[in-house]
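**Q** Kindly return the folded structure for what I paste below:
(one chain, ligands or ions: 1)
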Amino acid sequence: MSPINRREFLTRMAAGTGALAGAKKATGATAAKGPAQRRTSAAGLAEPAFRPLPLGSVKPQGWLLRQLRIQADGLSGHLDEFWPDVGQSKWFGGQAEGWERAPYWLDGFIPLAFLLDDPSLKAKAAKYVEYIVAHQRPDGWFGPYPEDAVAKRYDLWAILLADKMLAQYHEASGDDRVLRAVEKSLRAMLAGLDRTPLYDWGRYRWFEGLIPAFYLHEKTGEGWLLELARKLRAQGFDYPAFYAGEDVAVPTPRRGLWKWAKHVVNTGMAAKAAALSWRLGRSEADRAFASRMIDILDRHHGQATGMFTGDECLAGKNPVQGTELCAVVEFLYSLEHLVSVFGDPAFGDRLEKVAFNALPATFSPDMWAHQYDQQANQAQCTVNPDHMWTTNGPESNLYGLEPNYGCCTANMHQGWPKFAAHLWMATPDGGVAAAAYAPSSARFTSRGVPVEVALETDYPFRETLHVTVRAERPARFPLVLRVPVWAEGASLKIAREDETKLKPGTFFRLEREWKGAVEVHLRFPMRARVEPRYNEAVAVERGPLVYALRIGEAWTRVNADKPHRQLPHGDFEVRPTTPWNYGLLLDEADPASSLSFEERPVGERPFVPEGAGAVAKVKAKKLPAWRLSHGWAAEVAPGRAASSEPLETVELIPYGCTNIRVTEFPRLRA
Ligand SMILES: [Zn+2]
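**A** Predicted coordinates for the structure are as follows:
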């Protein structure tokens, strides 16, 4: 018997001894207070490198708090008030959609409410969760699940999602009835999977069910939850096998075939399958696959933002292809799992890159409107029947209520709140780790001592970060700080102590006795980088930010006659009012030396063109041959472009601040 099988065997034995084992473990769980003191490996699950702090422990500050407030005042805080698929959902006793949309919305709305600690948002979340729990049937299935699920099919994906959402609510509220509802639902699923095995969405998203199963298992120690996890994995799609083949490398052609395995949202979600599967089986193959999957996506479908294209299936590296918003928020959540489970700083680097670039770029400044598909080179956003998408429709890059399809309308809400909730995590030895950086504070308990860490910064628009550690009583524990891979020359300084040099691409462990308030000053020098992209184009990066051309914008309202489009939740086209077709003139030997950066005040709205906290200036010329094609920015031939236009200085702003943009530029011949 291998060590793994032996461990699984022991877990099953523990489960088999029933009430006694369960009671003993439950006592242990009750006694545990801090996240670091939770039940450990005896439960049968591998310990993650870092544990996310319970929802509500991390609080947004500074620009991040403003961003979450914008979100709450926009679509996220109001969707249920006018959009039938949430407000009149079958999940809440109505007659509209009764599958993924209401649980999707709650999955982002709940952390938003608790992070803002907003009483009216929390009351709203409680009302909807209460309805779902109160209408759970005695057999454990939730209200919308058909009484006769053999005759009337119901894709289990929505149940996996609902249980994940409810586990999150339990973590934030401590409401025990919600945990019992999850337990009953998962028990119904364990039996139901024999009757109707996973198919379609459930089959490709099987790993989402492991999240509530692990959550409950760590509270109760019950072995049937791991049996459920293994059953889901056995019935689910085998992503490592698919990524070992050739099809994943092939961009889906224009008007090509829609495939489950290349679906961009499934892909963003599946990036965490390896982390969840590794906790279940401790397989080195799972650990290795996590990075390999992302490498394969980068190589064949990668974008400057750290995302991959998919409109709606994987679409290659061309920067005019689209990336669906659902894929952005799901990939973020996957990266939060990956950095937590494996403790690899590269996943934290990627998490920041996607969160600071792809996420904010795809919303209107007030977060009432969003795109279905964003493009790195997106010179205009208009209704376009001649579009270049693989399978998406003509409205996919509009800013609107439900451009193309309403999944993103329901699912977009989790992006910022879950990112904020995963900035700080607990280490197994009573310390705290910074997985990603944004202004925030976090409370945790280190071996019985209450501690607060607070991060004051305008990062990613600035390179200095000030962490204050306040321990209620003197306590020894590590402060584990991610040093971004690009931060050559990074340093740390505490009061009059000597400056410490930090190695980029590592976690730096600062272990000491913390007394009173200790200020830790971090500096992550941000040097300009010019990255080679598709078709010999280049993209400009500095720190975790990608820079894109600032283009004048004209917004035009469209679809005003469509249902539910009353302002402020209307649909808009955006057209350029200034030239966008530039090539960059860069020094051949040292391209980054051609760029100069200036800091600007970070705006009240940090991710809008006029709020850009940093700008870059670079010499450029218009390329008259570079035109819109199919309504998009056409490609320029590879190699150095020639232009007889006058030399100009153009301004680049952070990608996340733009609404229309050019990100991948041709290079000019000197
Ligand atoms: Zn979507």
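**Q** Skipping its backbone neighbours, what lies nearest whichever residue of the stretch 101-250 of the chain sits closest to the ion in space?
**A** Residue nearest to the ion within the stretch 101-250 of the chain: residue 104 (9.1 Å; CB to the ion). All C-beta atoms are positioned from the backbone trio N, CA, C, and that covers glycine. For residue 104, ignoring the flanking residues on the chain, the nearest one in space by CB to CB, 6 or more residues apart in numbering is residue 410 at 3.8 Å.
**Q** again, but for residue 521
**A** residue 493 (4.7 Å).
**Q** same question, residue 643
**A** Using CB to CB, 6+ apart, the closest residue to residue 643 is residue 621 (4.2 Å).
**Q** distance of the one you found from the ion?
**A** Residue 621 sits 38 Å away from the ion, going by CB to the ion, to the nearest Å.
**Q** where does that residue land on pLDDT?
**A** Note for residue 621: predicted pLDDT of 98.
**Q** same deal with residue 43?
**A** pLDDT at residue 43 comes out at 51.
**Q** Repeat that for the one 5 residues further on.
**A** Among the per-residue scores, residue 48 holds a pLDDT of 98.
**Q** Pretty sure residue 282 is one of the things it touches, is it not?
**A** No: Residue 48 sits out of contact with residue 282 when judged by CB atoms under 8 Å, with a separation of 11.9 Å.
**Q** end to end, how far does stretch 266-286 reach?
**A** Here the two ends of stretch 266-286 are set 18 Å apart, with distance taken as CA to CA, to the nearest Å.
**Q** wait, stretch 590-610
**A** Stretch 590-610: ends 30 Å apart by CA to CA.
**Q** which of the residues in it are buried?
**A** 591, 594, 595, 597, 602, 603, 605, 606, 607, 608, 609 (16 or more other CB atoms under 10 Å).
**Q** Any idea what the residue nearest to residue 643 is bridged to?
**A** Beta bridges link residue 621 to residue 583, judged by DSSP bridges.
**Q** hang on, it packs against residue 642?
**A** No: at 9.2 Å, residue 621 and residue 642 do not qualify as touching, with contact defined as CB under 8 Å.
**Q** Can you pull the residues that touch both of the two?
**A** residue 668 (CB atoms under 8 Å, 6 or more residues apart in numbering).
**Q** burial count for the residue nearest to residue 643?
**A** 21 (other CB atoms under 10 Å).
**Q** do the same with residue 366
**A** 15.
**Q** Report the contact partners of it.
**A** So residue 366 contacts 70, 73, 74, 568 (CB under 8 Å, 6+ apart).
**Q** What's the separation between residue 48 and the ion?
**A** 28 Å.
**Q** OK, contacts around the residue nearest to that residue when sequence neighbours are not counted?
**A** Spatial nearest neighbour of residue 48, excluding adjacent residues (CB to CB, 6+ apart): residue 341 at 4.4 Å. Counting by CB under 8 Å, 6+ apart, residue 341 makes contact with 48, 49, 275, 276, 278, 279.
**Q** Apply 10 Å and report the result again.
**A** The contact partners of residue 341, by CB atoms under 10 Å, 6 or more residues apart in numbering, come to 46-51, 272, 274-279, 286-287, 290, 347.
**Q** In stretch 574-591, which residues are buried?
**A** 574, 576, 579, 580, 581, 582, 583, 584, 585, 586, 591.
**Q** should've said stretch 117-132
**A** 118, 121, 122, 124, 125, 126, 128, 129, 132.
**Q** Could you export these as CSV, including pLDDT and distance to residue 236?
**A** Output for the buried residues of stretch 117-132, formatted as CSV (pLDDT from 0 to 100; distance: CB to CB, whole Å):
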residue, pLDDT, distance to residue 236
118, 98, 37
121, 98, 34
122, 98, 34
124, 98, 33
125, 98, 29
126, 98, 33
128, 98, 29
129, 98, 27
132, 98, 25
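**Q** Up against the ion, what does the chain have?
**A** 324, 326, 407, 408 (CB under 5 Å from the ion).
**Q** out of the residues you listed, which are inside helices?
**A** 326, 407, 408 (DSSP state H).
**Q** Closest one of those to residue 261?
**A** residue 326 (16.4 Å; CB to CB).
**Q** Nearest spatial neighbour of that closest one, chain-adjacent residues omitted?
**A** Residue 326's closest residue in space is residue 265 (CB to CB, 6+ apart), at 4.4 Å.
**Q** so what's the one you found up against?
**A** 201, 204-205, 310, 312-313, 324-331, 407-408, 411.
**Q** give me the element it is part of.
**A** helix 264-270 (DSSP states H and E).
**Q** Average pLDDT for that helix, rounded please.
**A** 98.
**Q** Now do the same contact list for the closest residue to the ion within the stretch 201-350 of the chain.
**A** Residue of the stretch 201-350 of the chain nearest the ion, by CB to the ion: residue 326 (3.0 Å). Applying CB under 10 Å, 6+ apart to residue 326 gives the contacts 104, 263-266, 268-269, 310, 312, 372, 405, 407-412, 414-415.
**Q** Can you say which of those residues are buried?
**A** For the contacts of residue 326, buried by 16+ other CB under 10 Å: 104, 263-266, 268-269, 310, 312, 372, 407-412, 414-415.
**Q** before we move on, back to that, surely the residue of the stretch 101-250 of the chain closest to the ion touches residue 408?
**A** Yes: the criterion here is CB atoms under 10 Å, and residue 104 meets it with residue 408 at 9.3 Å.
**Q** Spit out the residues that contact those two alike.
**A** 326, 329.
**Q** returning to what we had before: output the residues of the chain next to the ion as JSON lines; include the columns pLDDT and distance to residue 424.
**A** Output for the residues of the chain next to the ion, formatted as JSON lines (pLDDT from 0 to 100; distance: CB to CB, whole Å):
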{"residue": "324", "pLDDT": "98", "distance to residue 424": "29"}
{"residue": "326", "pLDDT": "98", "distance to residue 424": "26"}
{"residue": "407", "pLDDT": "98", "distance to residue 424": "30"}
{"residue": "408", "pLDDT": "98", "distance to residue 424": "28"}
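**Q** on that earlier part again, just to be sure, which of the buried residues of stretch 590-610 are found in strands?
**A** residue 597 (DSSP state E).
**Q** tell me the mean pLDDT over the longest strand seen in the chain?
**A** Secondary structure of the chain per DSSP E: the longest strand is strand 464-483. Strand 464-483 carries an average pLDDT of 98.
**Q** next one: it to chain centre, how far?
**A** Strand 464-483 sits 25 Å away from the centroid of its parent chain (CA atoms, centre = their mean, to the nearest Å).
**Q** Which strands or helices does it pack on?
**A** Packed against strand 464-483 by the contact rule (3 or more CB pairs under 10 Å, 6 or more residues apart in numbering; DSSP states H and E) you find helix 345-353, strand 424-426, strand 432-434, strand 440-446, strand 449-457, strand 491-494, strand 506-523.
**Q** Work out the gap between the third one and the centre of the chain.
**A** Using CA atoms, centre = their mean, the distance from the centre of strand 432-434 to the centre of the chain it belongs to is 19 Å.
**Q** do the longest one as well
**A** How far strand 506-523 lies from its chain's middle: 27 Å, per CA atoms, centre = their mean.
**Q** Do you know the pLDDT at the closest residue to the ion within the stretch 501-650 of the chain?
**A** For the stretch 501-650 of the chain, the residue closest to the ion is residue 571, as judged by CB to the ion, at 15.9 Å. According to the prediction, residue 571 has pLDDT 98.
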